[in-house]
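In: Coordinates for the following, if possible.
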Amino acid sequence: MVNISELPVQLQTSDRLLQPLWDYLLCHHLPLISSPFFPVLLAFSSTFILPAPALPQDAPTVYEVFIDGLAVLLLFDTQYYIWHFIHHKHPQLYQLIHAIHHEYIALFSWSTEQLSIPELMTVGFWSNQAPLLLKCHPLTIWCVTVFSIWMSVEDHISYDLPWSLNHLVPFGLLGGAPAHDMHHQKPSSNYAPFFSHWDRIFGTAVPLKKTVKT
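Out: Numbers count the residues shown, from 1 in each chain. Down below sits the predicted model:
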């Protein structure tokens, strides 16, 4: 690991596909990626829980980005399923923290961030801690953060588009917009944010009922 205070940055000779991108970030955007807000899209809570990281000189492999990123998403999906389920079953928690997100039954992209401050900070905390617990490369953290935001927005667009991830990923492994749309219509269903396995296991999965015009 290289400390951010050690300049100049010594670049590595590597045949890894992502090495040129990581070298570029180290050379030209070191203050940005060394800040406690790395990646900058992380939630407010990162200010208080993340020290300035020591940055590796080697980029991750594409395989590492994929496997580590998938592990982060699965861990966050589990954490949020538990948090979501508890807040829907506890009336006081629901009213104080989560109810604001259910002000809209017909969803649109901006409703993704229709959150109370406690919910935003809680979700931000898990978003930060999951990759740290799994010791992910900083570039992997950046990639998975952007990808998870994309998935969250896609879940709230209220359109079941044929090119959405829930159609591209086989076996119904992702709930997508149909599952989350049904959750806002029937709040006792589809608690998981991305994947569908926890809702299937615990019997909280409810498919979206499509009306067929005759």
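
In: just checking, next helix/strand downstream of the lowest-mean-pLDDT helix or strand in the chain?
Out: Sorted by mean pLDDT, DSSP states H and E, the helices and strands of the chain end with helix 46-49, the least confident at a mean of 50. Where DSSP states H and E defines the elements, the next helix or strand beyond helix 46-49 is helix 62-89.

In: List the buried residues in that following helix.
Out: Residues of helix 62-89 classed as buried by neighbour count (16 or more other C-beta atoms under 10 Å): 64-65, 68-69, 71-81, 83-85, 87-88. For glycine as for every other residue, the C-beta is placed from the backbone atoms N, C-alpha and C.

In: Show me what it is packed up against.
Out: Counting contacts by 3 or more C-beta pairs under 8 Å, 6 or more residues apart in numbering; DSSP states H and E, helix 62-89 is packed against helix 117-133, helix 138-155, helix 197-201.

In: Touching, residue 140 and residue 61? I think so.
Out: No - contact criterion C-beta atoms under 8 Å: residue 140 and residue 61 do not qualify, at 10.0 Å.

In: the more surrounded of these two?
Out: Per other C-beta atoms under 10 Å, whichever of residue 140 and residue 61 has more neighbours is residue 140, with 23 against 16.

In: State the distance from the residue nearest to the spatial centre of the chain to residue 168.
Out: Centroid-nearest residue in the chain: residue 148, 3.3 Å away (criterion: C-alpha atoms, centre = their mean). The gap separating residue 148 from residue 168 is 16 Å, by C-beta to C-beta, to the nearest Å.

In: for residue 146, same thing?
Out: 17 Å.

In: Repeat that for residue 67.
Out: From residue 67 to residue 168 the distance is 19 Å (C-beta to C-beta).

In: With residue 85 instead?
Out: Taking C-beta to C-beta, one finds residue 85 at 27 Å from residue 168.

In: shaky segments in the protein?
Out: 1-13, 32, 34-54, 208-214 (pLDDT under 70).

In: what residues are up against residue 189?
Out: When contacts are counted by C-beta atoms under 8 Å, 6 or more residues apart in numbering, residue 189 touches 182-183, 199, 204-206.

In: hang on, it in a helix?
Out: No - assessed with DSSP: H, G, I helix; E, B strand; the rest coil, residue 189 is coil; it does not lie in a helix.

In: one step back: so the residue nearest to the centre of the chain makes contact with residue 76?
Out: Yes - using C-beta under 8 Å, residue 148 makes contact with residue 76 at a distance of 7.2 Å.
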